[in-house]
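Undergrad: Got a sequence here, can you build the structure:
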Amino acid sequence: MNVSVELGERSYDVVLSDGARHQLAAVIAERAPRARAAVIVTTPHIAAQPWFDVTSGIEQHLLTVVDGESAKSLDVLETLLEEVAKFELSRNDVIVGVGGGALTDLAGFAAATYLRGVALVQVPTSLVGQVDAAIGGKTGVNLRSGKNLVGAFHQPIGVLCDFETIATLPERERLGGLGEVAKCWLLEGGFAAELTEVSLHDLIVMSVKLKAAIVSADEREGGRRALLNYGHTLAHALEKVALARDDDELRHGEAVAIGLAFAVRLAEALGRVDQSEVTRHDEVLEVFGLQRRVPEHFASSLLLEAMSHDKKAHHDLTFVLAGAEGFETVRGVDPQSVSDVLEKFRGEP
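TA: Reported below is the predicted structural model:
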């Protein structure tokens, strides 16, 4: 199945199928016909997988970077770009990101900045990469001050979501991806009972279709695309606090799941929704097997500070919240209300 991201001359397809990675050479031939070289950026773990047989159809170079969120740093970016420069790529050539969400963020930003922009193909190999990170053109790396504070919008020429690459994901990686899937399911109004009739592949397609439609209507997050940040205000705060201690303490999707459960409770406290919406969220997250509470060792004061400095906060507390008319961005939320809900949320069983 192909899902189109409609952006005029910069439109591209997201391919969702078993073996989608084998379409890389065809995508490059069609969308970057003047390319003579491709740099494949991946991690040692991905490169060692038995399915790693990615072929670009042109002169090809392989570069590896560290696994996980540690790859999203200015130091790693600089080293990567220095290695890319050794291959003397031209503006006609291609960078290909093969890996999870952190890897595709890094590879995308490298493509956006090398020679002021070269073609990019994303081959996301994790669930969170396939349903979120690799689609939509948002690329970037982290600073100590927060996630994704340095980045650029740089749309790929194609995204190849190969179901074969997620078949053997470790359980934690699968759960992390389900955090973003749950977000999409909730935004689409889905209930827990309906999930028994839906396969993982169906959920991936649903999530990609939603993101593609939103990005097509609002590429640079000026309006509707902000809805994709549902659950992310608290999630990014949790990640920032966790990253200061341990790169692997809390995965993005794990943080998003907690953020979703918190956001609906904040909406209830503000009189925007009733208990039935809280129940819908909790039941969906429970079916997915996702954590729904802030761990006790995350201090509320640190989380409030981090939320107020989130890059989407506009210098106040900003959340995507459910309401009578659906989901919307709500700015200027009272910090005391947030603190009260956070403390109560932490104490729930």
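
Undergrad: contacts, neighbours, all on C-alpha from now
TA: OK.

Undergrad: ok, L80 to A71 distance?
TA: Using Cα to Cα, to the nearest Å, L80 is found at 10 Å from A71.

Undergrad: next one: R265
TA: 34 Å.

Undergrad: Compare those two (neighbour count), which wins?
TA: Taking other Cα atoms under 10 Å, R265 and A71 do not tie; R265 has more neighbours (27 against 21).

Undergrad: what separates the more buried one from I166, distance-wise?
TA: R265 is 32 Å from I166, by Cα to Cα.

Undergrad: okay, and the common contacts of L80 and A71?
TA: V65 (Cα atoms under 8 Å, 6 or more residues apart in numbering).

Undergrad: for G97, phi and psi?
TA: When read as degrees, to the nearest 10, the backbone of G97 gives phi -100, psi 120.

Undergrad: Just confirm V123 is within a strand.
TA: Yes: per DSSP: H, G, I helix; E, B strand; the rest coil, V123 lies within a strand segment.

Undergrad: Specify the beta-bridge partners of it.
TA: V98 (DSSP bridges).

Undergrad: and if you look at V39?
TA: H61, I95.

Undergrad: contacting residues for it?
TA: V39 neighbours (Cα under 8 Å, 6+ apart): Q60, H61, L62, L63, V84, V94, I95, V96.

Undergrad: what about the fourth one, neighbour count?
TA: This means L63. Residues lying near L63 (other Cα under 10 Å) number 15.

Undergrad: ditto for the first one
TA: Q60 is surrounded by 16 other residues when neighbours are defined as other Cα under 10 Å.

Undergrad: where does it sit relative to V94, distance-wise?
TA: Q60 is 10 Å from V94, by Cα to Cα.

Undergrad: between the two, what contacts are shared?
TA: Common contacts of Q60 and V94 (Cα under 8 Å, 6+ apart): A37, A38, V39.

Undergrad: I'd like to know which of those is nearest to V15.
TA: A38 (19.6 Å; Cα to Cα).

Undergrad: Spell out the residue ranges of the strands in this structure.
TA: 2-5, 12-17, 37-42, 59-64, 94-99, 119-124, 138-143, 146-153, 158-162, 319-323, 326-330 (DSSP state E).

Undergrad: Distance to L260 and mean pLDDT for these - can I get that in TSV?
TA: Formatted as TSV, the strands of the chain follow (distance: least, Cα to Cα, whole Å; pLDDT from 0 to 100):
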stretch	distance to L260	mean pLDDT
strand 2-5	26	98
strand 12-17	26	98
strand 37-42	30	98
strand 59-64	34	98
strand 94-99	26	98
strand 119-124	24	98
strand 138-143	21	94
strand 146-153	18	91
strand 158-162	25	98
strand 319-323	9	97
strand 326-330	12	95
